[in-house]
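Participant: Just a sequence and a predicted model for now, questions to come.
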Amino acid sequence: MSRAREFADLAGSADAGGLTGRNLIINGAMQVAARGTSTSGATGSGYFSTDRWQIANSSLGTWTVSKSTTAPDGFSNSFKMDCTTADASPAAGDFLIFRQHVEAQNLQHLKFGTSSAQSLTLSFWVRSNKTGTYIAELLQPDASNRHINKAYTISSTDTWEYKTITFAGDTSGVINNDNGTGFQVNWWLGAGSNFTGGTLQTSWGAVTSANRAVGNVNLADTISNDWYITGVQLEVGDTATPFEHRSFGEELALCQRYYQKMGPFGTSDYPFGISGYVYTATQSALGGTLNIPMRIDSPTVSMPEGNMRIRHSGGTTPGYDISAINSVSGALSGSVRLDVTHTSTTANTVCVMTNVSSSYTLRFDAEL
Amino acid sequence: MNIESAQYLQSSITGETVNSGIKVVTDSETLFVPILEGNRHYDEIMRQVEAGELTIADAD
């Protein structure tokens, strides 16, 4: 290939969305799983395994959701859904969706809501024993829930298949320039008649529930069903380019804008890097540094393995159990502030937060 | 989110005691949810309150 040709190809790639930063999806290779790699007995909606990927489940089966090592060539992991309680006859309003919310301010270059709205191409590897028609959907809540849906087919049982789907740009629906959801990228896995009774919405339009999952198989119809996905990429243009492999560190940092945790540290009674002062006998003001700034100033906080303590000089061992985190702020700046309630001790003393057991974590959730 | 209970939390760091968060117990975890629109847990709590499906208890 001539040098001139190489430069021309580079320029063309840049025009199509840049040599890097093409992929609007985070954690598309399913590498990062800060919450844990597997959840069994999953019903309802939530983030059960790999970061950024949500299951929306309304009464359609029970699932083991996991980060799997079954993957196509070039990938190490996939997101796996394994049906453990079947529902062969969904009620009208039941649904099961695998999805990622894409932050609105990351989508401004799509120029949605203008005559120059850019088309998008979704590509991914998928595998299932359940062959047949599935529906992929872009839904944008900022524009009063406009959506566009396309069908794809899993043709061969238990075989990795590469799918590409191109969606037109939306010349009507403006995506707000903010930190809310710009797109839901939805993979339908099953639905009741409320979502299947119409005609599939293959161009952008206001949401009509009946037009969202027309023809979709019911992945929940037997406990022998499973479904894998990886290598997910959403990019500007009409052509799927090779998956943009980011380093693990880059992907982790992108995920931590939405979810991050401190610990576990492998040592019990260990300070977390969060310190402050006891301002009444049972309340303390604490501050610490997050790994990176988060999407919103006040994420939800949890201590799933057990509650932390505070310790201070002159206090008793082992410290004072925290029973509540009354407020949290500052995450937008990366310097988080916590107001906590704990068992009674001496006010006007300097304190640090410690774990109780080596497995304990402090978690911050700013997901969409 | 299957909420089993919700209760306001209070802070008095400013010298004035105010509702500053909500302790939520779900079927799988306990969450400390700040009062902030755009926090998905807070938004879901308020959706359930407005739908008459949930009542937030006063702080202790």
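Facilitator: Now that the structure is in, tell me what you want to look at. Numbering: from 1, shown residues only, chains lettered A, B, ... in the order given.
Participant: which phi and psi does residue 48 have?
Facilitator: Picked chain A for this. When read as degrees, to the nearest 10, the backbone of A:F48 gives phi -100, psi -20.
Participant: Chain B, not that one
Facilitator: phi -70, psi -40.
Participant: What sits closest to A:G276 if chain neighbours are left out?
Facilitator: In space, not counting the residues next to it along the chain, A:G276 is nearest to A:L286; the distance is 3.6 Å by CB to CB, 6 or more residues apart in numbering or on different chains. For glycine as for every other residue, the C-beta is placed from the backbone atoms N, C-alpha and C.
Participant: neighbours around A:S144, how many?
Facilitator: Counted with other CB atoms under 10 Å in any protein chain shown, residues neighbouring A:S144 total 9.
Participant: so A:Y152, which of the three states?
Facilitator: With DSSP: H, G, I helix; E, B strand; the rest coil as the basis, the three-state label of A:Y152 is strand.
Participant: Remind me what the helix or strand hosting A:T166 packs against, helices and strands.
Facilitator: Here A:T166, judged by DSSP states H and E, is contained in strand A:161-167. Counting contacts by 3 or more CB pairs under 8 Å, 6 or more residues apart in numbering or on different chains; DSSP states H and E, strand A:161-167 is packed against strand A:120-128, strand A:146-154.
Participant: Format these as CSV; extra columns: mean pLDDT and distance to chain B.
Facilitator: Supplementary listing: the helices and strands packed on strand A:161-167 in CSV, determined by pLDDT from 0 to 100; distance: least, CB to the nearest CB, whole Å:
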stretch, mean pLDDT, distance to chain B
strand A:120-128, 98, 24
strand A:146-154, 98, 20
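Participant: now for the ones you listed, which one comes closest to A:T84?
Facilitator: strand A:120-128 (15.6 Å; CB to CB).
Participant: and the residue nearest to A:F248 when sequence neighbours are not counted, what does it touch?
Facilitator: With CB to CB, 6+ apart as the criterion, A:F248 has its nearest non-adjacent residue at 5.8 Å, and that residue is A:Q31. When contacts are counted by CB atoms under 8 Å, 6 or more residues apart in numbering or on different chains, A:Q31 touches A:T50, A:S76, A:N77, A:F248, A:E251.
Participant: Chain B against chain A: which residues are in contact?
Facilitator: Residues of chain B lying near chain A by CB under 8 Å from any CB of the partner chain: B:1-2, B:9-13, B:20-21, B:23, B:27, B:29-36, B:38-42.
Participant: can you tell me which of the residues you listed are in strands?
Facilitator: Restricting the residues of chain B next to chain A to those inside strands, with DSSP state E as the criterion, leaves B:L9, B:Q10, B:S11, B:S20, B:G21, B:K23, B:T30, B:L31, B:F32, B:V33, B:P34.
Participant: Among those residues, which pair sits farthest apart?
Facilitator: With distance counted by CB to CB, no two of these lie farther apart than B:S11 and B:T30, which are 18.1 Å apart.
Participant: who has more neighbours, those two?
Facilitator: More crowded of B:S11 and B:T30, by other CB under 10 Å: B:S11, with 23 against 15.
Participant: In this structure that one contacts B:I35, no?
Facilitator: No. Judged on CB atoms under 8 Å, B:S11 makes no contact with B:I35 at a distance of 10.6 Å.
Participant: Identify the contacts common to those two.
Facilitator: Among the neighbours of B:S11, those also in contact with B:I35 (CB under 8 Å, 6+ apart) are B:S20, B:G21.
Participant: Tell me the spacing between the residue nearest to A:G276 and A:R309.
Facilitator: 12 Å (CB to CB, to the nearest Å).
Participant: Name all residues that make contact with the residue lying farthest from the centre of chain A.
Facilitator: Relative to the centre of chain A, and counting by CA atoms, centre = their mean, the farthest-placed residue is A:G314 at 43.8 Å. With contacts defined as CB under 8 Å, 6+ apart, the neighbours of A:G314 are A:T346, A:T349.
Participant: Quick check on it: phi, psi?
Facilitator: Geometry field for A:G314 lists phi and psi as phi 90, psi -10, criterion degrees, to the nearest 10.
Participant: That one and A:T280: what is the separation?
Facilitator: Taken as CB to CB, the span from A:G314 to A:T280 is 17 Å.
Participant: what do you get for A:Q233?
Facilitator: Per CB to CB, A:Q233 is found 52 Å from A:T280.
Participant: quick one: which of those two has more around it?
Facilitator: Per other CB under 10 Å, whichever of A:Q233 and A:T280 has more neighbours is A:Q233, with 20 against 13.
Participant: That one and A:F243 touch, don't they?
Facilitator: Yes. Contact status for A:Q233 versus A:F243: in contact at 5.3 Å, counting by CB under 8 Å.
Participant: so what sits against both of these two?
Facilitator: Taking CB under 8 Å, 6+ apart as the contact definition, A:Q233 and A:F243 share the neighbouring residues A:N23, A:G28, A:S123.
Participant: Name the nearest residue to the second one, sequence neighbours excluded.
Facilitator: Yep, that's A:G28 we're talking about. Nearest to A:G28 is A:V232, by CB to CB, 6+ apart, at 3.9 Å.
Participant: For the one you found, give me its contacts.
Facilitator: A:V232 touches A:I25, A:G28, A:A29, A:Q100, A:L122, A:S123, A:F124, counting by CB under 8 Å, 6+ apart.
Participant: Roughly how far does the residue in the stretch 101-250 of chain A that chain B sits nearest to sit from A:V278?
Facilitator: In the stretch 101-250 of chain A, the residue that lies nearest chain B is A:G180 (6.5 Å; CB to the nearest CB). In this structure, A:G180 and A:V278 are separated by 37 Å, where distance is defined by CB to CB.
Participant: who's more crowded, the two?
Facilitator: Just comparing A:G180 and A:V278: by other CB under 10 Å the higher neighbour count belongs to A:V278, 24 against 18.
Participant: Am I right that that one sits in a helix?
Facilitator: No. Under the criterion used here (three-state DSSP), A:V278 is strand, not part of a helix.
Participant: That one and A:T343 touch, don't they?
Facilitator: No. Counting by CB under 8 Å, A:V278 sits too far from A:T343 to count as a contact (11.2 Å).
Participant: for the residue nearest to A:G276, which residues make a bridge with it?
Facilitator: A:G276, A:L338 (DSSP bridges).
Participant: Quick check, it in contact with A:L338.
Facilitator: Yes. Contact criterion CB under 8 Å: A:L286 and A:L338 qualify, at 4.5 Å.
Participant: dump the residue contacts of the residue of the stretch 101-250 of chain A closest to chain B.
Facilitator: Contacts here follow CB under 8 Å, 6+ apart; on that basis A:G180 touches A:E103, A:A104, A:P141, A:D142, A:L368, B:G38.
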